[in-house]
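A.B. asks: Turn this into a structure:
(one chain, ligands or ions: 1)
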Amino acid sequence: KTRVFSGMQPSGELHLGNYVGALQHWVARQDESDNIFCIVDLHALTIPEQIDARALHDNARKLAALYLASGLDPERNLIFIQSHVREHSELAWILNCATPLGWLQRMTQFKSKAQQFESTGTGLLIYPALQAADILLYDTDAVPVGEDQRQHIELTRDIAIRFHRLFGEVFKLPVAVIPEVGARVMGLDDPETKMSKSLAVTRPGHAINLLDDEKTIRKAIMSAVTDSGRETRFAHASPGVRNLLSIYQALTREPMSAVEATFAGQGYGALKKALVEVVWETLRPLQARYHEIMADRAGLEAVLTRGAERAREIASATMQRVRDATGVG
Ligand code: AQP
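C.D. replies: Below is the predicted model of the structure:
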């Protein structure tokens with residue numbers, strides 16, 4: 001079976017972009033592959049100014065609960081917290097040594113995040129090598145992610161290839177799997193900017209969080225930026241309208257032509273109202289399951305402990321191959 005690996009940072013609540021671009025697809029395809037889904041808490045440390053120890057610890061559990069509440073079955077998917085498996089940090093160091101500095105400095109996510117903060121930690125720069133370690137440890141074939149991660153997965157392949165040239169073949173080369181619809185959900189308040197966790201903190205109306213109540217969702221969608229026309233065909237719509245149509249299409253899984261037929265000749269008010277309904281129909285049951293899961297913290301910890309044990313078995317075998325190839329250990 002194809003080995004699938006992906007993860008998310010516990011750096012705040014998940015938003016609809018994370019769900020539509022990644023999580024929804026993990027759930028939909030969970031029977032097709034051998035799946036490993038990680039909560040990448042070490043990655044959240046890359047912006048240390050934003051870290052509160054208790055909140056990070058809690059957010060990792062909340063993110064695990066959101067994975068389960070979205071429909072990932074812990075029996076069919078290996079779910080664990082990255083820092084519980086020490087091999088991630090160990091392999092990251094070795095991959096850092098094999099990664100030319102220029103490759104990391106070229107990453108668009110690094111460039112844009114480095115601009116947002118007064119001082120930049122080294123972790124922000126070398127984050128993609130840790131991500132490469134996450135993926136390569138598990139002999140991953142496919143990494144289902146949103147469009148913004150395409151460059152990092154390509155870098156993962158390049159790092160593996162360079163490692164192979166230096167030390168010999170050890171890793172499987174993974175490919176990014178990016179959905180056709182909803183791979184880049186844009187901010188509702190600004191359709192030129194990607195919907196993002198960090199912007200959602202300071203800009204109400206930018207994102208819809210998976211745990212938002214109906215009123216907040218309605219307000220964000222009804223005030224989403226559109227234009228003064230009535231164009232609801234994908235190819236001709238303005239960026240704001242296209243964003244709403246794409247979210248609608250991703251959540252209903254209707255073909256583009258059916259979505260266009262539904263809204264043909266209607267104003268944007270009708271599209272927004274329909275979208276509020278579709279989003280709430282998706283999130284209401286998800287939230288109910290989330291609260292049930294969070295009420296059974298022992299059950300959740302058990303899933304994560306079991307996940308880490310199974311992950312460690314795979315990761316330690318790969319690390320042994322890396323130690324043999326490099327001569328450390
Ligand atoms: N706007 C988006 N549209 C579609 N997919 C998206 N993803 C993120 N934003 C969008 C995908 O969600 C997964 C989450 O990965 P992450 O936790 O590493 O998220 P991130 O890229 O750091 O998320 P944010 O929200 O954009 O956070 P900040 O503000 O910190 O940069 C990935 O598969 C990602 O592609």
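A.B. asks: tell me the SS of Ile36?
C.D. replies: Recorded secondary structure, Ile36: strand (DSSP: H, G, I helix; E, B strand; the rest coil).
A.B. asks: Thought Arg76 was touching it, still the case?
C.D. replies: No - counting by C-beta atoms under 8 Å, Ile36 stays clear of Arg76, with 11.3 Å between them. Every residue, glycine included, has its C-beta placed from N, CA and C.
A.B. asks: Which one of the two is surrounded by more residues?
C.D. replies: Taking neighbours as other C-beta atoms under 10 Å, Ile36 and Arg76 compare with Ile36 leading, 25 against 11.
A.B. asks: how far does the longest helix along the chain sit from the chain's center?
C.D. replies: Scanning the chain for the helix with the most residues, using DSSP state H, yields helix 297-326. Remark: helix 297-326 is offset 21 Å from the chain centroid, using C-alpha atoms, centre = their mean, to the nearest Å.
A.B. asks: Count the neighbours of the closest residue to the ligand within the stretch 101-250 of the chain for me.
C.D. replies: Nearest residue of the stretch 101-250 of the chain to the ligand, counting by C-beta to the nearest ligand atom: Gly146, 2.4 Å away. For Gly146, the count of nearby residues is 22 (other C-beta under 10 Å).
A.B. asks: mind listing what it touches?
C.D. replies: Gly17, Asn18, Gly21, Ala22, Ile178, Pro179, Ala183, Arg184, Val185 (C-beta atoms under 8 Å, 6 or more residues apart in numbering).
A.B. asks: Filter those to keep only those in contact with the ligand.
C.D. replies: Filtering the contacts of Gly146 for neighbours of the ligand using C-beta under 6 Å from any ligand atom leaves Gly17, Asn18, Gly21, Ala22, Ala183, Arg184, Val185.
A.B. asks: mind putting those residues in a markdown table, neighbour count included?
C.D. replies: Converted to a markdown table, the ones next to the ligand among the contacts of Gly146 look like this (neighbours: other C-beta atoms under 10 Å):
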| residue | neighbour count |
| --- | --- |
| Gly17 | 25 |
| Asn18 | 24 |
| Gly21 | 26 |
| Ala22 | 25 |
| Ala183 | 20 |
| Arg184 | 17 |
| Val185 | 25 |
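A.B. asks: So which of the contacts of Gly146 sit within strands?
C.D. replies: Nothing among these maps onto strands, per DSSP state E.
A.B. asks: taking the residues you listed as a set, which two sit the farthest apart in space?
C.D. replies: Asn18 and Ile178 (13.9 Å; C-beta to C-beta).
A.B. asks: next one: phi and psi at the residue of the stretch 101-250 of the chain closest to the ligand?
C.D. replies: Note on Gly146: backbone dihedrals following degrees, to the nearest 10 are phi -80, psi 170.
A.B. asks: Tell me the spatial nearest neighbour of it, not counting adjacent residues.
C.D. replies: What sits nearest to Gly146 in space, not counting adjacent residues and going by C-beta to C-beta, 6 or more residues apart in numbering, is Gly21, at 3.1 Å.
A.B. asks: Next: Arg306.
C.D. replies: Here the residue nearest Arg306, using C-beta to C-beta, 6+ apart, is Pro74, at 7.8 Å.
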